[in-house]
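1. Next input, structure requested:
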Amino acid sequence: MTTTQLPASSDQKRALWLSTVAFTICFAVWTLFSIIGLTIKTELGLSEFEYGVLVATPVLTGSLTRLFLGVWTERYGARLVFSIQMILAGLATLALTQADSYATFLLAALGVGLAGGSFIIGVAYVAQWFPPSQQGTALGIFGMGNVGAAVTKFFAPFVLVAVGWKGVAEVWAAAIILMGIIFYIFAKDEPGLAARRAKGVRAPTLAEQFAPLKKIQVWRFSLYYFFVFGGFVALALWLPHYLEDVYKVDIRVAGTGAAVFSLSASLFRAYGGVLSDRFGARTVMYWCLGFSLVLLFMLSYPPTDYVIHGNYGPIAFSTAMGLGPFIITIFALGFFMSLGKAAVFKHIPVYYPEHVGAVGGLVGMIGGLGGFILPIAFGALLEVTGIWTSCFVLLFLIVAVSMAWMHMSIRMMERKAQGTALDRLPSFPELAEVHDPERTRMPVVIEDWRPEDPVFWREKGRRIARRNLWISIPALILAFAVWMVWSVVIARLPAIGFDFTQDQLFWLAALPALSGATLRIFYSFMVPIFGGRLWTTISTASLLVPAMGIGYAVQNPDTPYLIFSVLALLCGFGGGNFASSMANISFFFPRAEKGNALALNAGLGNLGVSLMQFVVPLVITFAVFGAVGGAPQALTGGGEIWMQNAGFIWVPFIAISTFAAWFGMNDIADAKASFSEQAVIFTRKHNWIMCLLYVGTFGSFIGYSAGFPLLSRIAFPDVNALQFAFLGPLIGALSRAGTGWLADRVGGGRVTFWVFAGMIVSVLGVIQGLNSGSFALFFAAFMVLFFFTGVGNSSTFQMIPAIMRKEVLRLSPNATPEARSRQGERESAAIIAFTSAIGGYGGFFIPKAYGSSIALTGSPVGALWAFLAFYILCLSVTWLVYTRRGGVLYDVERGTAPAAAPAT
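-> The predicted structure is shown next:
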């Protein structure tokens, strides 16, 4: 609230009910295509995908405009913005009747979507008329306007039968235009706007309005709303189609059934506001997500036939949800989604009272985008799987992630506030009587961490740091194994009946690197936010998804290419782990040992690539898991293999490593930092320079690892290079792990310079081997190239802390040594993680460069010449910026730098 005196009760009621009626009509117009779209689909002969895009297009406009409409409402007032928005949406709905092609229908649908932007205008308007203790109830009543979807579902089918779909559009257009005029005449300006105008205070700037959007909490609210509102809109659009095809009912019955869901997901929103005011929005969100998880599991289960081989013969039965139980279940789902919608928007005016428009606009936009994205995803899942209930499976996964994120955030908040007290509690309530906190307390957060203190390091620090390192290394080995497993799997797919083109195979080799590198950008900042222990546990456990998915997908030659593409992207979970792992380990060790510790973690972790390329060709030759693992696949040339073992073999080790991370690792309190605190690295020029150099070293290592098996098979088809493929990554990993001491002793900059010189010579050897057809020269030059990439991986990471110690001293000369040390360590960890993210893209571009070069020239040599030019650029940058006389690291690496050590 921006005013201290409450408005009159009559004014509050006028604002609330005018807004609610207007929102109801807007929502009815916004969901118009859920009914008339079916008729338009038949008239135009649209495919399922085209139909999905058509009904989702208004949702896209309504979602994207919410952010801007929220900002404009804060600046110009709801009375003006709401009225204009309704009139424009009505005119677009009238224009719909003049459309005569799919393109013109899409264009008109974009205008109709303006009606969906009304929500945030009403939220910003209503919130200003009520005190915080009543805002949940008021916004819940306003949110009942979602019932407009039910109005359309219930009445539009009957109007459609009577006067056709154009008649429906004309009636709905007239209603919203009339409401726009009524709102402008009878609504009053909100108290905050009126007070601001009376005092002559300027409207808030865009920077002020968008400032709260930096908080991760706002994005968490957005994910909740993606489900409770986006899922509601998506199901409101999808259910008529679902009911028609699954239960074979006509449009009127389908519309009525969908209206039941829309009613429950709308009318009870007011009750959700009352409950949020009474019990708290957090509690209501737990109810919403918990019950939705159960209901979506029930809806996700497809009709299934079972045959149990019993003692007295087979016992057959089937499960299927009839129309009646389905309607009851979606009614219950809608009820809890309506509670969640109210709970999300109870948070916003309480936490951000001065920025309801901007924050609510973002949350509403993300939620609305759910209504656009999800129907398209529903259609795509149906086409790929052929299972109608797949739409509910997707919603189930979204709810599971939302609930996990919410619960973890709450637990982190509790631990931050009461960490010491929580550590003193017994493991189970039954142990309370015998619990001795002084003897059994096992804190996982280390409050006092001073690795630069020789006494602390010798007596306590080294032991803890090494334990965390040796738990981190196996987890990282498994991450790299899962990340790069496609490099072996794709080489064998054609032999077991998969009819993929050569370009498709190169794409499968490149996609894990693309997703892994992208995930690294996000993983870079996760350790200071969540803590190394928790994040290592989560990120390691996530590897189970692609590992098990691969095991099942390769057993059926009819598995669509899309499924393989998704699994390839999911393998990127393993690539993302590297960024968070390196950032975590960097916090544990002192400067003198940091280079070697990072080299061991990364180098031995990189062994996962060679380990995978050595193990997988062996384990696919016999039934490691017996009948449990599935039947073998027949080879086109005769014989059989168990390709599923390429994924299944890692599952037990991932489970063990996850367990070890949770129970054996620690968090460092000083390492905690928000995203905004870490984001300062984006203003550091050396962050971007080191990204370039790390693309040259690690990008080359991971790219060559991914592409070498397939490149060898194409260039030398008569040689079984697969049996030697593991040697390159092995050499690169061992050289990284074994040369950390070299960069610590002579300087990372100087080592990096000579690394690029060696890589240039090695690439020339590879090119000569390809041109001459000599596999021996090709292979030997590649092994030398792998060696230099490993050394460069270690030396570039050693450079970063040295650079940032000097930079922080230059940027903050008046800060205390302790503050500079803390800032330097934090920025070094963030830059190490971020450069690893950018470097990971080499794993995508190198295999794709091979494929493009072969497609354009018939040979991969063109790609290698491009790599050679890039290494020359990296060598030049290293010399100019870091190692020449006057370079950043020249005096540091020659022992002439002043005071760098004690100051940082």
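2. Next, count neighbours for residue 549.
-> 18 (other CB atoms under 10 Å). (C-beta placed from N, C-alpha, C; glycine too.)
3. what do you get for residue 536?
-> 31.
4. ok, now which ones touch it?
-> Taking CB atoms under 8 Å, 6 or more residues apart in numbering, we find residue 536 in contact with 471-472, 475, 577, 580-581, 584, 661, 665.
5. now these as TSV including pLDDT?
-> As requested, these are arranged in TSV below (pLDDT from 0 to 100):
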residue	pLDDT
471	91
472	89
475	91
577	80
580	78
581	81
584	80
661	89
665	86
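6. Could you list which of the residues you listed belong to helices?
-> 471-472, 475, 577, 580-581, 584, 661 (DSSP state H).
7. okay but residue 581 is in contact with residue 475, surely?
-> Yes - using CB atoms under 8 Å, residue 581 is in contact with residue 475, at 7.0 Å.
8. returning to that earlier point: right, and out of the ones in helices among the contacts of residue 536, which lies closest to residue 808?
-> residue 584 (20.6 Å; CB to CB).
9. Kindly check the end-to-end length of stretch 275-288 for me.
-> Terminal residues of stretch 275-288 lie 12 Å apart, using CA to CA, to the nearest Å.
10. mean confidence for it?
-> Mean per-residue pLDDT for stretch 275-288: 84.
11. what sits up against that stretch?
-> With CB under 8 Å, 6+ apart, stretch 275-288 has contacts from 133-137, 140, 224, 228, 272, 336-337, 339-340, 342-344, 346-347, 350, 403, 406, 410.
12. So which of the ones in helices among the contacts of residue 536 is the closest to residue 504?
-> Nearest member of the ones in helices among the contacts of residue 536 to residue 504, counting by CB to CB, is residue 577, at 26.7 Å.
13. Now do the contacts for the closest one.
-> Counting by CB under 8 Å, 6+ apart, residue 577 has contacts 475-476, 479, 523, 536, 539-540, 543.
14. Residue 623 too?
-> 629, 632, 642.
15. What of residue 339?
-> 268-269, 271-272, 275, 284, 287-288.
16. And the helices in the stretch 451-600 of the chain, which stretches?
-> Secondary structure of the stretch 451-600 of the chain, counting by DSSP state H, counting those that start in this stretch: helices at 454-456, 462-483, 486-492, 502-523, 526-530, 532-541, 544-553, 561-570, 572-586, 591-619.
17. Go through the ones you listed and pick out the most buried.
-> helix 572-586 (a mean of 28; mean count of other CB atoms under 10 Å).
18. mind putting the contacts of residue 577 in CSV, distance to residue 593 included?
-> Shown next, in CSV, are the contacts of residue 577 (distance: CB to CB, whole Å):
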residue, distance to residue 593
475, 20
476, 18
479, 23
523, 24
536, 20
539, 24
540, 25
543, 29
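19. Between those residues, which sits nearest residue 803?
-> residue 523 (22.0 Å).
20. from what I can see that closest one touches residue 579, true?
-> Yes - using CB under 8 Å, residue 523 is in contact with residue 579, at 4.3 Å.
21. Excluding residues flanking it in the chain, which one is nearest residue 875?
-> residue 756 (3.8 Å; CB to CB, 6 or more residues apart in numbering).
22. My read is that that neighbour contacts residue 870, right?
-> No - in this structure, residue 756 is not within contact of residue 870 by CB under 8 Å, at 9.6 Å.
23. which residues do these two both contact?
-> residue 696.
24. Against residue 139, how distant is residue 85?
-> Using CB to CB, to the nearest Å, residue 85 is found at 19 Å from residue 139.
25. Show me which of those two is the more surrounded one.
-> residue 139 (31 against 26).
26. What sits closest to the more buried one if chain neighbours are left out?
-> Residue 139 sits nearest to residue 345 (CB to CB, 6+ apart), 5.1 Å away.
27. How far does the helix or strand containing the one you found sit from its chain's centre?
-> According to DSSP states H and E, residue 345 maps onto helix 323-351. Chain-centre distance of helix 323-351: 24 Å, with CA atoms, centre = their mean, to the nearest Å.
28. and it, what's its mean pLDDT?
-> Rounded mean pLDDT across helix 323-351 is 85.
29. Repeat that for stretch 126-144.
-> Here the average pLDDT along stretch 126-144 is 75.
30. likewise stretch 612-629?
-> Averaging pLDDT along stretch 612-629 yields 79.
31. Stretch 229-239 now?
-> 83.
32. Give me the contacts around that stretch.
-> For stretch 229-239, using CB under 8 Å, 6+ apart, the contacting residues are 31, 33-34, 37, 55-56, 59, 146, 149, 153, 254, 257-258, 261-262, 265, 330, 334, 337-338, 341, 344, 364, 366-375, 378, 391, 395, 398.
33. out of the contacts of residue 623, which is most surrounded?
-> Neighbour-wise, these (other CB under 10 Å) top out at residue 642, 23 neighbours.
34. Please name the residues that touch it.
-> By CB under 8 Å, 6+ apart, the residues touching residue 642 are 619-624, 629-630, 632-633.
35. which ones are touching the residue at minimal distance from the centre of the chain?
-> What sits nearest the mean C-alpha location of the chain, by CA atoms, centre = their mean, is residue 519, with 7.5 Å. By CB under 8 Å, 6+ apart, the residues touching residue 519 are 572-573, 575-576, 579, 837.
36. can you give me the helices in the stretch 1-150 of the chain?
-> Using DSSP H, counting those that start in this stretch, helices in the stretch 1-150 of the chain cover 9-30, 33-44, 48-76, 78-96, 102-112, 118-127, 132-143, 148-186.
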